[in-house]
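J.: This is a predicted model, with the sequence first.
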Amino acid sequence: MKHKEIISLLPKDLKGGLTLLYNDYGNQLLSYGIQRFGLNEDESTETLYKTFETVGQVVTRYEFKSENHFQYWLLKIHRNNILQRLRHRDRTRLPVVSMEDWIAESLEDEDDFSLELFAGVIEKISVKDADGKPAYQSQLMFAMQKALLLLNENERELLLLRVNDYSYDEIANMLGIENNQLKVKFIRAKAKVKKKTLEILKDCLS
Amino acid sequence: MKGHTHKQPFNDLLSSFIIDENELSTTEANLEKEAEIVFSKSATVSLSAEMAELQISKLTEALTKQTLGTLIDQALATNAAPLPNLQQTTGLTPSLLESIKNDMVFTNSIPVKSLVKLLKLLQVPLERAKAAIAVTFEKLQTESRMFTSMPSNIQPAFKKGVTPGNHQNDFKHLKPDESYLYQNQEALDKYTQRLSELYQQP
């Protein structure tokens, strides 16, 4: 098991242990940040450093049930670091988008409802406050959280994993289901959540 | 969550939701599968050999900084003169001393007078002790964050011989939810200030 070799080497030969850590897991974690979260190469490289710093600080105190357990733990640390970075970087990121952008996305998604009903809401949520932050950020997140409750567990997983650019085959594998019309199910789930989110916001902001 | 060539307002909102709420997956079993997928696929990007070397060197330097545990452990091992009964002299119980040596305890939860006695007894210079305390603090904070952000089934078990709970009997007066009182930088700064004052007293 790769991780055992690393853990036993680190106290005796730190540099050797770190080299093994980079060789065995570095590039996959680097790719994960770029591919799944849209980090650029520099950001992903810096996040990788932070992850391995955490690993180096604590890993020799622990033992893992299996290689899978170690990988799972490692990925969780890395993902937390990525999300922390994105939260910091994207604090003011929610873009000001026009109604045209919403309509273009809606056409692409083949939504079965008209966005005209929500024109007022869309205009409001594009507003930024004096600090440049989205003025209705908390209401948006609240509405989305509520809207996601409309979905069953698999639909919700499908939606969130697809947003993270996992392929339908990978999602089917993760969820332990067949890739049976997952694309259709994704489109429906997304439309359902989109419509409900906008409905909640309409009530909330009116 | 990749950057799209055109604006996708709702997709962006979903991405923000995932980032803000740490909501990629609701079940941990799926995360385990995700790890399997991530590590079974070939990487699409590679770190250049120079960058990898640079990072490894920086990390090696960062991780070799002395912690309070390693400092005390080394001082105990290299101390030429026979040491008196440490518990009697410093008031530190053997289990607490063991926890200090293993960096299993936030330094500012150690009785400050006892720590000063230990440092003086081992002739550890104050500045080295303060630097090591800062490293230990960072290490334990990292660990604390790691545990609070992880579901219990991912958390690894402490190795045999590494027993974080050993010193707990020495802190019966502290309730678990009082940890925030000392696991923060401000509390540590006050502690090290007091430690310096006491250390410099004759």
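T.: Perfect, I can see it now.
J.: Double-check residue A:20 against residue A:6; I have them as touching.
T.: Yes. If you go by C-beta atoms under 8 Å, residue A:20 and residue A:6 touch, sitting 5.0 Å apart. The C-beta positions use only the backbone N, C-alpha and C, and glycine is treated the same way.
J.: out of these two, which sits in the busier spot?
T.: Set residue A:20 next to residue A:6 and count neighbours by other C-beta atoms under 10 Å in any protein chain shown: residue A:6 wins out with 23 against 19.
J.: now the more buried one: how far from residue A:13?
T.: The spacing between residue A:6 and residue A:13, counted by C-beta to C-beta, to the nearest Å, is 11 Å.
J.: next one: residue B:65
T.: Counting by C-beta to C-beta, the gap from residue B:65 to residue A:13 is 17 Å.
J.: From one end of stretch A:1-21 to the other, what's the distance?
T.: Distance across stretch A:1-21, first residue to last, is 12 Å (C-alpha to C-alpha, to the nearest Å).
J.: and if you look at stretch B:54-73?
T.: 30 Å.
J.: ok, what's across the strand from residue B:158?
T.: residue A:62 (DSSP bridges).
J.: Could you report the separation of it from residue A:60?
T.: Look at residue B:158 and residue A:60: by C-beta to C-beta, they are 11 Å apart.
J.: For the residue positioned nearest the centre of chain A, what are phi and psi?
T.: In chain A, the centroid-proximal residue (C-alpha atoms, centre = their mean) is residue A:164; its distance is 5.4 Å. Residue A:164 adopts backbone torsions of phi -90, psi 20, taken as degrees, to the nearest 10.
J.: surely it meets residue B:14?
T.: No. If you go by C-beta under 8 Å, residue A:164 and residue B:14 don't touch, sitting 9.5 Å apart.
J.: tell me the domain boundaries of chain A?
T.: Domains of chain A are assigned by automatic domain parsing as A:2-89, A:99-205.
J.: weakest of the ones you listed in terms of mean pLDDT?
T.: Among the domains of chain A, domain A:99-205 carries the lowest mean pLDDT, at a mean of 87.
J.: Could you see whether chain B lies near that one?
T.: Yes. Residues of domain A:99-205 are located near chain B by C-beta under 8 Å from any C-beta of the partner chain, namely A:101-102, A:104-105, A:108-109, A:122, A:140-141, A:144-145, A:153, A:156-157, A:159-161, A:163-166, A:170, A:173-176, A:190, A:193-194, A:197.
J.: Make a ChimeraX selection of the buried ones in these.
T.: Buried residues within those, by 16 or more other C-beta atoms under 10 Å in any protein chain shown, are selected in ChimeraX with:
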select /A:101,102,104,105,109,122,140,141,144,156,157,159,160,161,163,164,166,170,173,174,175,190,193,194,197
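J.: Show me the residues of domain A:99-205 next to chain B that map onto helices.
T.: Counted as lying in helices by DSSP state H, out of the residues of domain A:99-205 next to chain B, are A:101-102, A:104-105, A:108-109, A:122, A:140-141, A:144-145, A:153, A:156-157, A:159-161, A:163, A:170, A:173-175, A:190, A:193-194, A:197.
J.: what residues go with each domain of chain B?
T.: What automatic domain parsing lists as the domains of chain B is B:7-42, B:63-200.
J.: Output the ones you listed as CSV; include the columns mean neighbour count.
T.: Shown next, in CSV, are the domains of chain B (neighbours: other C-beta atoms under 10 Å in any protein chain shown):
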stretch, mean neighbour count
domain B:7-42, 19
domain B:63-200, 16
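J.: packing partners for the helix or strand encompassing residue A:42?
T.: Using DSSP states H and E, residue A:42 maps to helix A:41-58. Using 3 or more C-beta pairs under 8 Å, 6 or more residues apart in numbering or on different chains; DSSP states H and E, the elements in contact with helix A:41-58 are helix A:14-21, helix A:27-37, helix A:67-89, helix B:49-63, helix B:126-148.
J.: The shortest one and chain B in contact?
T.: It refers to helix A:14-21. Yes. Interface with chain B: helix A:14-21 contributes A:14-15, A:18-19 (C-beta under 8 Å from any C-beta).
J.: Who wins on neighbours among those?
T.: Counting by other C-beta under 10 Å, top hit in those: residue A:18 with 26 neighbours.
J.: ok, now which ones touch it?
T.: By C-beta atoms under 8 Å, 6 or more residues apart in numbering or on different chains, the contact set of residue A:18 is A:10, A:52, A:56, B:56, B:59-60, B:63.
J.: roughly how far apart are the closest residue to residue B:185 other than its chain neighbours and chain A?
T.: Setting aside the residues directly before and after it, residue B:185 is nearest to residue B:137 in space (C-beta to C-beta, 6 or more residues apart in numbering or on different chains), at 7.8 Å. Using C-beta to the nearest C-beta, to the nearest Å, residue B:137 is found at 12 Å from chain A.
J.: Now find how far off-centre stretch A:12-21 is within its chain.
T.: Centroid displacement of stretch A:12-21 relative to its chain, using C-alpha atoms, centre = their mean, to the nearest Å, is 31 Å.
J.: Same question for stretch B:74-81.
T.: Averaging C-alpha positions (C-alpha atoms, centre = their mean) puts stretch B:74-81 25 Å from its chain's average.
J.: Quickly check: it near chain A or not.
T.: No. Shown here: stretch B:74-81 not in contact with chain A (C-beta under 8 Å from any C-beta), separated by at least 14.1 Å.
J.: ok, how many other residues are close to the residue lying closest to residue A:40 once chain neighbours are set aside?
T.: Nearest non-adjacent residue to residue A:40, counting by C-beta to C-beta, 6+ apart: residue A:34, 7.3 Å away. Residues within reach of residue A:34, counting by other C-beta under 10 Å, total 18.
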